[in-house]
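S.K.: Just the structure for this:
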Amino acid sequence: MNARILFHALYGLLLAASTGGVLAQVPAHLDLQSAVIREEPPFDPATIAARVVVVELVLAGPPTCDATTPFLAYGILMDRDANPATGEGHPGYAPLGVEARVSADCDATSGTFFSNAGTASLTNNPDGTTTVAITLTVADLPRVEFDWIAFAQEGDDLIRLPAAPDSATWAIMERSIP
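M.R.: Numbers count the residues shown, from 1 in each chain. Okay, here's the model as predicted:
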């Protein structure tokens, strides 16, 4: 069932740096460990639009959000029509044509994260990881079924999960039952 989809980073702690292809360690606050989209009960078909959906990303370590932080965001990019030829195309997004985004963005002025589509929260876990959660409703999503990738972005650096050319498909429980 697609109500819970989980991916682990294929490239671990390594990312090609921009200078000469030298391998550098991904900073912990950009190292996506896993990503999941899940629906919360009750699963009443009469109230699908109000059903709570949680997007969770687990980072290897906590981010800093303050006046010195460049653009910093975590979330998912969605291809609502499963057509890479429509929406925003970019080699980093392959195989998606991105038409929508749900994210938790750093507001460097207040030092907090906010969401463009719901409520953002960060939790520091006992194992040293940090969970970024975005809570929204089915009505806040562009469709009840879409292809997606998770991302962490700092400035112009975009880290994605799963690694290209993979992506995931998510659908509300009712659409994912054969």
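
S.K.: give me the element the residue nearest to Phe151 when sequence neighbours are not counted is part of.
M.R.: In this structure, Phe151 finds its nearest non-sequential neighbour in Arg160, 5.0 Å apart by CB to CB, 6 or more residues apart in numbering. (Each C-beta comes from the backbone N, C-alpha and C, glycine too.) Assigned by DSSP states H and E, Arg160 belongs to strand 157-161.

S.K.: Can you list the strands that that strand pairs with?
M.R.: Sheet pairing of strand 157-161 (DSSP bridges) gives strand 145-154 (antiparallel).

S.K.: Give me the residues contacting the strand it pairs with.
M.R.: Residues from elsewhere that reach strand 145-154, judged by CB atoms under 8 Å, 6 or more residues apart in numbering: 7, 27, 29-32, 35, 37, 57, 59, 70-80, 82, 93, 95-96, 100, 103, 158-162, 166-172, 175.

S.K.: from the residues you listed, which ones fall inside helices?
M.R.: Using DSSP state H, the members of those that fall within helices are Arg175.

S.K.: Restrict the contacts of strand 145-154 to the buried ones and give me that as a PyMOL selection.
M.R.: Filtering the contacts of strand 145-154 down to the buried ones (16 or more other CB atoms under 10 Å) takes a single PyMOL command:
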select buried, resi 7+27+29+30+31+32+35+37+57+59+72+73+74+75+76+77+78+79+80+93+96+100+103+158+159+160+161+162+167+168+170+171+172
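
S.K.: could you list every residue that touches the residue nearest to Phe151?
M.R.: When contacts are counted by CB under 8 Å, 6+ apart, Arg160 touches Leu32, Gly92, Tyr93, Ile149, Ala150, Phe151, Ala152.

S.K.: Try it again at 7 Å.
M.R.: Gly92, Ile149, Ala150, Phe151 (CB atoms under 7 Å, 6 or more residues apart in numbering).

S.K.: Nearest to Asn125 among these?
M.R.: Ala150 (17.2 Å; CB to CB).

S.K.: List the contacts of Pro70.
M.R.: Contacts of Pro70 by CB under 7 Å, 6+ apart are Glu154, Gly155.

S.K.: Right, I'll call it a day here.
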